[in-house]
Structures are given as C-alpha cells and as structure tokens.
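> My questions are about this predicted structure, shown below with the sequence.
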Amino acid sequence: MAKPTTRQELKDYALRQLGYPVLEINVADEQVDDALDDSLQLFQERHFDGVERVLLKYKITENDIKRGRARGGGNTLGITTSSTGSGGSTTISGDTYWDDVIVRHTFDSDLTDYSPVGNTPTGSGVDIVASPVKFGKSARFGSGEYLYYGHNAAYDFTGEWTFETWVYIDTSPAAGAIFGKGWAGSSSDTIGLMVDNQGGVINFRWFNSESSTHSSTYGTVLGSYSAGSVIQNWVHITATRRASDGSIHFFFNGTESTSTSSNQIIDNDIPNNSSRYLYLNYRARAGENRSTDAIYDDVRITAKERYTSNFTAPTSAFPTDGTLTTSAGGEVQSFEENTNFLNLPDAIIGVEKLYLFDASFIANNMFSYKYQLFLNDVAFNLGYSGLMSYAMTKTYLEDIDFLLTANKQIRYNKRNNRLYLDVDWGSISAGTYIIIDCQRIMDPANYAGVYNDSFLKKYFTSLVKRQWGQNLIKFQGVKLPGGVELNGRQIYEDAVMELQRIEDKMLSTYEIPPLDLIG
C-alpha cells in the first residue's frame, strides 16, 4: 500500500522499495523494528510535523505545594549532594515545615526545645535515660511528671497542626494524657490528647472542654488498639487537625485510625486562652489533672497538617534545622536542589510558556483598566478619535503589565520529564489551575497519518537499506548459486549517502528553526 496507515504497512512498504519480494532482504524483523523506532524518534524530535502544540490544564495539589517548598538536605522530598574531605562525614537537616515547628525535642542530652520558638520547658521529675530508647536517648516521665512550656503565641491550636512522637507507655494508664493545654485552677478552655485502658483496649482520645461533643470524662475516641501492641512497646503516634473542616486525624505507626479516616471527628471549638499553658505528658485541669507513666523520644509539634494519608513511620530521628556536623579532617560541601517540579507525560517534548491563573495588573472585569478604557475612550469617543487612541493606550498598558508582572520562570528537559516552576510556592494555594503551553509528539498509535509522512517513509527505507548493507558486508565476494554476487558495501554506502541527503534537507527545510538566531 502506497499510503501506509499502520506500523506493519510501513514496514512492508520499505521492504518493497528495496526490492522485496523480487529480492530477499537480509534484515531481521527485530532490526526493522529498531530502524522504525529510530526513524520515529528523529521525526518526532526534529520534524515540525512530528509534534503538535497543545495547552494542558493542571490543578495544583497540596502535595505539589509541599514538594515545591521542600528544601534538599535530609528531607526525602529534597535532592541533596554532599561531599566531604578525607575522613569527613555530615548530617544535614531538611524539615520542609521547619519554620512552622513550635516544639522539637530530641532528648539526647537534655530538655532543650530546638524549634524556632526555642522555648525550653521546665521539667517536673523528668529524667534523660539511655534505656529504653528509640534514637539516642529518651525522656522518662513517671506518673504526675511533665514538661511545662507556659504560654506562647505560637501555641495556638485553633488552626491546622500536627503532634507526633515515639512513645513507650510503661504502665497501663487508667486515665492518662499525652499532651494538653490548660490550667490547674480552671476547668474551662482545656484541650488534650488523652490515653486510657478500658477493658484491655488502649484508647487514644481527643478532649475539649468547650465542645459538647468532646468534653466527656475521657473525651472522644480517636483510635483503639490492643494493650499488648501498645504497653511497653515503642509506637509512633500522630494527631493532626485540618483547618479547612476542623477534622482531627489520628495515626498509629503511620496508619490512620478508622475512627478518623472519614473525617468523623470534627472540632471547630478549640479555645486559645493566653492563661492556659502547654504541657507534655500532662493535662492540667481543676480537679482532673492527668498524666502517663511513659518514655518519649523525638517529640515534634508543627503548626501545619503534615499528613493527609497513611505514611511510613520514621526510622531515624526527625531533623533539626541548621544542624551540620563534620568529623575531624573532613570539609563538608553541600549542594541542595529544590523539588519544585511537576512530572509531565512522556509524550511532551518541549514546554514554551506557563500561564498561571492569578490576578494580573490588567484584570478582566468591569472595574479593570481594560474595561474602563474601552468604555471611556471607545464607547463615548468613537466618533472623534476612532480606535487609534484605544490601541495606543492598550499597548502602553500592556508594556506596563509586562514590566511589573514577572513571567513565570520554568525549566524543562525531555529526558527527565520534569517541569521546574521557579515561583513562590508559598503564595500558591491548592486548587489553582495552570496552563502549560507545550509541544506533544504525534503518536502514530493515535494519528495513523504519521506513517504516511513522506520524510518518515524515505528515512525509514534508507535506514533499513543501511542495515541490509551492514549485514552483507561480512559476506563481500561470496557468490550465490548462479554466479550472483551481492555487493553489501555498495548498498551500505548508498544508504549512508541517502540518509545524509535526507537529514540535510530535514535540518534546512523541515526542522523548526531557533527563533533567537533569526535576524
């Protein structure tokens, strides 16, 4: 068929052009397939008919924003390259939300709070111990023992937040607490993450004195687990609050409880009283102070919702921002790269522009410069100056917009399919749409007309011819029955010359020229 529409038809066409079935074409099917794949790749990457311009719409997600804001360092979202001199070693932190951390303890040597708030608490009977530990050393709390942080504006739990820690509950709690905010002189404006043993089941609960739903004696159950899986075992517990709907979520060793996984626990009545104080391993309330006989390691409280789905419980200590250590004799050189990229489909071969749906200087509504200009200069003055003054003023405003509204900086490479967005990710909200102006390859599986492209047919035929000659070169001088001799070298050289002519014409005629070099 002179107009191939399938892969097989194009292969048959090329073989016929070389003399099949009159001649036996000594090329394996696998070699023909390789030649066709190479031809399609060159056609799609260099020929203007091998791609199409498309506008892709993409909705920014919360995970995109987290990845965009992530630094390198020890954070798994970042990309870090570090090198040391002889005998050197390095430990580099990389907490994506470090600026939002309000409490951070390692307990490796003391009770220091390493968070940006830096409010080291007062300990009541707390000891640093070497066993049992999860990482380094841990903090031992007996019944009635706690860390007292007092009041700080950062200790505001009315928005989104995450509390997480490794905890080793040593004695089964009748009515205990993990952390809380309250005052022993009042029963109001008190909140806390509670824990108790009811009938051999360990319940983690949420308590809020100001909520009719969560103010019962023990609070509302967030998750229930067998006593054997909790008591005298290291477990990772996490409680989060989602600001958008006020839902409380609980994770046990990285797996969310079925009691919270469907947003069942809602609390939009959390108080923020400056005379209520933050505690670890304690909930202070008039007549109902509660604590737990437990050991804590790696405590972190963040004013962000870190987890929205199941995750792998950490196998190493949480990072502490700014920590950089080297051993003697080693000089650390650390290079970090942000993960501010989107993974594009494999079919995308190039990206030209990015359009972000945000408020621009020249808005498109009745109060915008554009509308008012048209209303005044055109609607009322059309009979005097026509469209000339409108066009000139519009051009002037577009120049101002171009100078004052920075274009979105992007980087893209086909080989990794990553579109890097060099923007302020902190100013982008989830749900924002972007439009990606890009080039997509013409996939013959979707566009059968690709197989009938004149350049592709000629180039593919010459590639098969070159492979045929390559296969026959080793048999140079061997005569076939009847005295026929195939000249493999001549076939190969002819094919090489044909390919060179086709490629030269493609570069000069069919390839999209680099616009910056035209002048």
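Arrived safely, thanks for sending.
> Could you report the distance from residue 51 to residue 441?
Counting by C-beta to C-beta, to the nearest Å, the gap from residue 51 to residue 441 is 6 Å. C-beta: built from backbone N, CA, C; applies to glycine.
> quick one: common contacting residues for these two?
Common contacts of residue 51 and residue 441 (C-beta atoms under 8 Å, 6 or more residues apart in numbering): 44, 349.
> remind me, longest helix of this structure?
helix 454-473 (DSSP state H).
> Assign the most centrally placed residue in the chain to helix, strand or coil.
Computing the C-alpha centroid of the chain and ranking residues by C-alpha atoms, centre = their mean puts residue 67 first, at 3.7 Å. Classification of residue 67 by DSSP: H, G, I helix; E, B strand; the rest coil places it in helix.
> Just give the nearest non-adjacent residue to it, would you?
Leaving aside its chain neighbours, residue 67 sits nearest to residue 339 (4.8 Å; criterion: C-beta to C-beta, 6 or more residues apart in numbering).
> Quick check, pLDDT for the one you found.
Turning to residue 339, the model gives it a pLDDT of 77.
> Can you identify each of the strands in the stretch 1-150 of the chain by residue range?
Secondary structure of the stretch 1-150 of the chain (DSSP state E, counting those that start in this stretch): strands at 51-59, 79-83, 91-92, 101-105, 122-124, 127-129, 138-141, 146-150.
> what's the least confident stretch among the ones you listed?
Of all the strands of the stretch 1-150 of the chain, the minimum mean pLDDT falls on strand 91-92 (a mean of 46).
> still on that earlier bit, quick one: contacts of the longest helix of the chain?
Applying C-beta under 8 Å, 6+ apart, the contact partners of helix 454-473 are 4, 10, 13-15, 17-18, 25-27, 31-32, 35-36, 38-40, 42-43, 47, 49, 450, 486-496, 498-499, 502-503, 506, 510.
> still on that earlier bit, so the residue nearest to the centre of the chain sits against residue 340, correct?
Yes: in terms of C-beta atoms under 8 Å, residue 67 counts as a neighbour of residue 340; the distance is 7.1 Å.
> Residue 108 against residue 137, yeah?
Yes: proximity of residue 108 to residue 137 meets the contact threshold set by C-beta under 8 Å, at 5.0 Å.
> Now for these two: what residues contact both?
Contacts common to residue 108 and residue 137, judged by C-beta under 8 Å, 6+ apart, are residue 128.
> about what we covered before: any figure for the gap between the residue nearest to residue 67 and residue 438?
Separation of residue 339 from residue 438 (C-beta to C-beta): 21 Å.
> just the helices in the stretch 301-450 of the chain please.
In the stretch 301-450 of the chain, the helices defined using DSSP state H, counting those that start in this stretch lie at 369-373, 382-385, 388-404.
> what's the longest one packed up against?
Read it as helix 388-404. Under the contact definition 3 or more C-beta pairs under 8 Å, 6 or more residues apart in numbering; DSSP states H and E, helix 388-404 sits against helix 369-373.
> what comes up buried for stretch 8-16?
By neighbour count on 16 or more other C-beta atoms under 10 Å, the buried set for stretch 8-16 is 9, 10, 11, 13, 14, 15.
> Also stretch 211-227?
Residues of stretch 211-227 classed as buried: 211, 214, 219, 220, 221, 222, 223, 224, 225, 227 (neighbour count, 16+ other C-beta under 10 Å).
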